[in-house]
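Visitor: prediction below, plus the sequence it came from.
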Amino acid sequence: MGLAAVVAAVFFGGFLRAGASTQAADVSRVLAEIRARDKGQLAISEEDGRFLRVLIGSSRAKRALEIGGASGYSAIWMGLALRETGGRLVTIEYDPARARELADNVRRVGLGDVVQVVAGDAFTEIPKVPGTFDFVFLDAWKKDYKNFFELVYPRLDKGGLFVAHNVVNKRNEMGDFLDVVHEHPSLWTTIVSPSGEGMSVSLKR
């Protein structure tokens, strides 16, 4: 199936269809619960979650990093894709209570072997994660985006993707980051808005 067909299937096809497995039903229920409890509006939108799944599936990413895991909504979408690619995700969440909730939600949908949850300050924890990354999703403190990018970029594989959230609705909080990714000589960057919040997608050449 080509990329266009994959995109169409994910965005326009229902997540659950007749005959879907019990596990898929559980995933749908857990995702809905996370959104319902998200009083601080920390979770990404469903459209953005589906887009992340498409990006990972189409790029065949296997070594993913998430900076700012919140309660696990985005980690579940990425974990579903990484299950298919044979990859793994390390997701880092600063708040201890949210990190526990994140880990519990990941286990509830059967992704405990795909998603590793790390509680702590990402600036401290990222250097402890071994290896390189071929996919990075950033959704943390907006004013730190440039600093996070500079920390992770040397470990981003050639051909890897660096994706950042809220680059449209919170653009004024991360101007320095957007300048860097748009002007970087080794990146191709575009801005997409599946839900209006906006994501920058940067390919390391």
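Guide: Okay, I see it.
Visitor: how far does the lengthiest helix in the chain sit from its chain's centre?
Guide: Longest helix of the chain, by residue count under DSSP state H: helix 22-37. The chain centre lies 17 Å from the centre of helix 22-37; the measure is Cα atoms, centre = their mean, to the nearest Å.
Visitor: swap in stretch 55-72?
Guide: Going by Cα atoms, centre = their mean, the spacing between the C-alpha centre of stretch 55-72 and its chain's C-alpha centre is 4 Å.
Visitor: span of it from start to end?
Guide: In terms of Cα to Cα, to the nearest Å, the two terminal residues of stretch 55-72 are separated by 18 Å.
Visitor: stretch 163-177 now?
Guide: 12 Å.
Visitor: show residues contacting it.
Guide: With contacts defined as Cβ atoms under 8 Å, 6 or more residues apart in numbering, stretch 163-177 is touched by 44, 48, 52, 55, 135-139, 142-143, 145-146, 149, 178, 181, 191, 193, 196-202. From N, CA and C alone the C-beta is placed, and that goes for glycine too.
Visitor: paired strands for the lengthiest strand in the chain, with orientation please.
Guide: Ranked by residue count and defined by DSSP state E, the top strand of the chain is strand 156-165. Each strand that strand 156-165 pairs with, and the sense of that pairing, follows from DSSP bridges: strand 133-138 (parallel), strand 199-204 (antiparallel).
Visitor: please pick the buried ones from the contacts of stretch 163-177.
Guide: Burial by neighbour count, 16 or more other Cβ atoms under 10 Å: within the contacts of stretch 163-177 this picks out 44, 48, 52, 55, 135-139, 142, 145-146, 149, 178, 181, 197-202.
Visitor: all strands for this protein, in order.
Guide: 63-67, 88-93, 115-119, 133-138, 156-165, 187-192, 199-204.
Visitor: what mean pLDDT does the fifth one have?
Guide: Averaging the model's pLDDT scores along strand 156-165 yields 98.
Visitor: buried sites along it?
Guide: Those would be L156, G160, L161, F162, V163, A164, H165, for strand 156-165 by 16+ other Cβ under 10 Å.
Visitor: next, the angle strand 187-192 makes with that strand.
Guide: In this structure, strand 156-165 runs at an angle of 20 degrees to strand 187-192, with axes from the mean of the first three to the mean of the last three Cα atoms, to 10 degrees as the basis.
Visitor: and the pLDDT at L82?
Guide: Per-residue confidence at L82 stands at 98 (pLDDT).
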